[in-house]
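K.L.:
Everything below, folded, please.
(chains A and B)
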Number of protein chains: 2
Amino acid sequence: MLGEFELIQRYFMPLQEAHATAGIALENGDDAALLVPQAGQQLVVSVDTSVSNVHFPHDAPAHAIGHRALAVALSDLAAMGATSRWCLMAMTLDKRIFSGRATAEQWLSGYAEGFHALCQQHATALVGGDVTSGALTIGITVMGEVPTGQALTRAGAKIGDVIAVTGTLGGAAGGLALWRQGERELSHPLLARYLLPQPRLAAGVALRGVATAALDISDGLLADLAHLRKASNVGCALEADALPLAVGLQETLGHDGAIKAALSGGDDYELLVTLTPKNLAIAQQRLANLGLSLTAIGHCTETLGVTGVAVSDYEGWQHFSGEAP
Amino acid sequence: MLGEFELIQRYFMPLQEAHATAGIALENGDDAALLVPQAGQQLVVSVDTSVSNVHFPHDAPAHAIGHRALAVALSDLAAMGATSRWCLMAMTLDKRIFSGRATAEQWLSGYAEGFHALCQQHATALVGGDVTSGALTIGITVMGEVPTGQALTRAGAKIGDVIAVTGTLGGAAGGLALWRQGERELSHPLLARYLLPQPRLAAGVALRGVATAALDISDGLLADLAHLRKASNVGCALEADALPLAVGLQETLGHDGAIKAALSGGDDYELLVTLTPKNLAIAQQRLANLGLSLTAIGHCTETLGVTGVAVSDYEGWQHFSGEAP
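P.N.:
Numbers count the residues shown, from 1 in each chain, chains lettered A, B, ... in the order given. As a prediction, this is how the structure comes out:
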């Protein structure tokens, strides 16, 4: 069996060499990492845990597990308009993965590959970690920066603001349904939406100064919208017909199922934003330059609550209860 | 059953109100926390995971579990000479704790109490977290600061330096042995050493500019000394008779067992430091002002390896293998 130090040395230390080391005064390998924040920036930090068979299927490809655990954490930085700089990984590994050495190595190198690739894509350095033994659980702390005063929060939406979402909705719920039906081909667009979500970091940065509020859709549109409504003290009038459904979603789940997935399916990791009507076109142009759509799906109202969709049918999905949408 | 949001709201959000909010631009409750590092400081970050029945007994008092999970993480900041400022908590909760609501509330409020008290003691604000369902696992990311260039690392020990340790050794191993024998009284000094370790943050700060190298003793003296030897490229001559044994350790484990616990027992969370001979008295005086002893236990040598103790008998304890010392 691999010990903790050997495992970190073999699979996770090399990840750093390929990264920009700007801002790292002392790397992983001492008691803690020493980092150098930039002047004029605020630090943006968040932690997310991915539990096997709660947040991802235990038999998902290892590289997808590595990618996904980091992606869901980075998505919170995207929602703040931050750029990502550093991350720490606390991984609890199920000993059963190590019953055969070859399998353990395959799994770990696959995991590291998926994790590493997404780190590189977002210039994020792995600066600390801890590997323990137990039920497979991965906790990722991400740290980024945003110029002082420019962070996107949940609290800035005003009455009359347009509500918009990046990309498409419901794809992750569709992918989960397909996985449960036995689909294992990661090139299937819906399965990729579930297992290989893309944190919208560049979109978050592009929306600085334009969006009045933002958060990421991890628990489902309506559940996350509830956080925004509460923080901003506004209501929301949605247009069900305007929801940008993921390609192929209606074919997989039917019309009603697709609408339900778009409203309540978690794990899409798109950004949900509000903007003044005159800024919508500006934001759409900026995101188009990134190859990403921004679709208006309603507007903020003085009357609290949500109208335009049958809310009672589509309660939000809390990961903690572990139920699928 | 309590949902994630309700649980965080009830047990963890109130923790912040009692804390200094200096350096927090936006608290927990948005997608991420916004923090304000101080000019002239480097950021010191580390993550530690505590797994039920690997790092602590599942039936330990809840307040001790909360205290201990944070303490072991803070100990890494102490080892860098940093002051602690912020932490994030990723907690995976075993659903069985929630089978009876009253029990769940008792457990959670006890946990929060232990966690909270240690946060207050070290002026550390809980700025982010994630609560998920699964096997009980607690991952704590800690963030502190140290003036640029003043961090204590593992790499600065020089030939001729004195090797010293704060406090006493072996107490946690003795406490674990007592726990296994059925002892449940936390006021027992050895049990307290195991379940309620004290991170030596004030000592780490006091040793800035005096210690040439430092790390915390989490895996056992010899195992952690090996990290220091490797990073500093020195050998170590230890004096077995000089080891500061925890009070009551010989009575509990016998003479040989006490020496073995001091050399190889993990979880003491004392600091292991090196200093020039002339700085030893200065460091001892500074730590005496904090009510803490600093005991010389050997010196650094040109010849690599360890002499003075029967090393082969006392191999280090890796948490990952899950074996008790």
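K.L.:
tell me which helix or strand of chain A sits lowest on mean pLDDT?
P.N.:
Least confident helix or strand, chain A: helix A:14-17 with a mean of 53, by mean pLDDT, DSSP states H and E.
K.L.:
The next helix or strand after that one vs chain B: in contact?
P.N.:
Next along the chain after helix A:14-17, taking DSSP states H and E as the criterion, comes strand A:24-26. Yes. Counting by C-beta under 8 Å from any C-beta of the partner chain, chain B is contacted by strand A:24-26 at A:25-26. All C-beta atoms are positioned from the backbone trio N, CA, C, and that covers glycine.
K.L.:
what sits up against strand A:24-26?
P.N.:
A:33-36, A:86, A:125, A:127, B:42, B:148, B:151, B:153 (C-beta atoms under 8 Å, 6 or more residues apart in numbering or on different chains).
K.L.:
Show the residue spans covered by the strands in chain A.
P.N.:
A:24-26, A:33-35, A:41-51, A:83-93, A:125-133, A:137-147, A:162-166, A:211-216, A:235-238, A:271-275, A:294-301, A:306-307 (DSSP state E).
K.L.:
related to what we said a few turns ago, TSV for the contacts of strand A:24-26, including pLDDT and neighbour count?
P.N.:
Shown next, in TSV, are these (pLDDT from 0 to 100; neighbours: other C-beta atoms under 10 Å in any protein chain shown):
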residue	pLDDT	neighbour count
A:33	87	27
A:34	88	22
A:35	90	23
A:36	89	16
A:86	92	26
A:125	89	25
A:127	88	28
B:42	91	23
B:148	90	13
B:151	91	23
B:153	93	23
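K.L.:
My read is that residue A:279 contacts residue A:208, right?
P.N.:
No. Using C-beta atoms under 8 Å, residue A:279 is not in contact with residue A:208; the gap is 11.8 Å.
K.L.:
circling back: ok, so of the contacts of strand A:24-26, who is nearest residue B:239?
P.N.:
residue B:153 (24.9 Å; C-beta to C-beta).
K.L.:
Can you measure across stretch A:58-65, start residue to end residue?
P.N.:
9 Å (C-alpha to C-alpha, to the nearest Å).
K.L.:
one step back: which one of the strands of chain A lies nearest to residue B:108?
P.N.:
Nearest of the strands of chain A (C-beta to C-beta): strand A:41-51, 17.0 Å.
K.L.:
and chain A, what are its domains?
P.N.:
A:4-147, A:162-310 (automatic domain parsing).
K.L.:
just flag whichever of these has the lowest average confidence.
P.N.:
The stretch with the lowest mean pLDDT among the domains of chain A is domain A:4-147, at a mean of 83.
K.L.:
List the contacts of residue A:90.
P.N.:
Here residue A:90 is in contact with A:129-130, A:132, A:138-141, B:47-49, B:90, B:139, B:141 (C-beta under 8 Å, 6+ apart).
K.L.:
quick one, helices of the stretch 201-325 of chain A?
P.N.:
A:201-206, A:221-232, A:249-264, A:277-288 (DSSP state H, counting those that start in this stretch).
K.L.:
Looking at those, which one is packed in the most?
P.N.:
helix A:201-206 (a mean of 24; mean count of other C-beta atoms under 10 Å in any protein chain shown).
K.L.:
Which other helices and strands does that helix contact?
P.N.:
helix A:62-79, strand A:83-93, helix A:277-288 (3 or more C-beta pairs under 8 Å, 6 or more residues apart in numbering or on different chains; DSSP states H and E).
K.L.:
Show me which residues of the helix ranked longest in chain A are buried.
P.N.:
Determined from DSSP state H, the single longest helix within chain A is helix A:101-121. Neighbour counts over helix A:101-121 (16 or more other C-beta atoms under 10 Å in any protein chain shown) mark A:104, A:107-116, A:118-119, A:121 as buried.
K.L.:
Tell me what angle it forms with strand A:137-147.
P.N.:
10 degrees (axes from the mean of the first three to the mean of the last three C-alpha atoms, to 10 degrees).
K.L.:
Using CSV, list the CA coordinates for helix A:101-121.
P.N.:
Only the C-alpha atoms of helix A:101-121 are listed here, as CSV (Å, rounded to 0.1, in the frame of the first residue of the first chain):
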residue,chain,number,x,y,z
ARG,A,101,-1.6,-1.8,-6.7
ALA,A,102,-2.0,-1.5,-10.5
THR,A,103,-5.6,-0.3,-10.1
ALA,A,104,-4.6,2.2,-7.5
GLU,A,105,-2.0,3.7,-9.7
GLN,A,106,-4.3,3.8,-12.7
TRP,A,107,-7.0,5.5,-10.6
LEU,A,108,-4.6,8.0,-9.0
SER,A,109,-2.9,8.9,-12.2
GLY,A,110,-6.2,9.4,-13.9
TYR,A,111,-7.5,11.5,-11.1
ALA,A,112,-4.3,13.6,-11.0
GLU,A,113,-4.6,14.1,-14.8
GLY,A,114,-8.1,15.4,-14.6
PHE,A,115,-7.3,17.6,-11.7
HIS,A,116,-4.1,18.9,-13.3
ALA,A,117,-5.6,19.7,-16.6
LEU,A,118,-8.2,22.0,-15.0
CYS,A,119,-5.6,23.6,-12.8
GLN,A,120,-3.6,24.5,-15.9
GLN,A,121,-6.6,25.7,-17.8
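K.L.:
Quick one: work out the angle between that helix and helix A:62-79.
P.N.:
30 degrees.
K.L.:
Off-centre distance for helix A:101-121?
P.N.:
Relative to the mean C-alpha coordinate of its chain, helix A:101-121 is positioned 19 Å out (C-alpha atoms, centre = their mean, to the nearest Å).
K.L.:
so what's residue A:227 up against?
P.N.:
A:154, A:215.
K.L.:
try residue A:40
P.N.:
Applying C-beta under 8 Å, 6+ apart, the residues near residue A:40 are A:147-148.
K.L.:
ok, so what distance separates it from residue A:163?
P.N.:
To residue A:163, residue A:40 is 31 Å away according to C-beta to C-beta, to the nearest Å.
K.L.:
Kindly report the same for residue A:255.
P.N.:
For residue A:255 relative to residue A:163 (C-beta to C-beta), the value is 22 Å.
K.L.:
Count residues in the vicinity of the nearest residue to residue A:124 once chain neighbours are set aside, would you?
P.N.:
Leaving aside its chain neighbours, residue A:124 sits nearest to residue A:84 (4.5 Å; criterion: C-beta to C-beta, 6 or more residues apart in numbering or on different chains). Residue A:84 has 25 neighbours, counted by other C-beta atoms under 10 Å in any protein chain shown.
K.L.:
In this structure residue A:84 contacts residue A:125, no?
P.N.:
No. Residue A:84 lies out of contact with residue A:125 (C-beta under 8 Å); the separation is 9.4 Å.
K.L.:
May I ask you to confirm that residue A:151 is in contact with residue A:80?
P.N.:
Yes. The pair residue A:151 / residue A:80 is scored as a contact, 5.0 Å apart, by C-beta under 8 Å.
K.L.:
tell me the contacts of residue A:140?
P.N.:
A:47-50, A:69-70, A:72-73, A:87-90.
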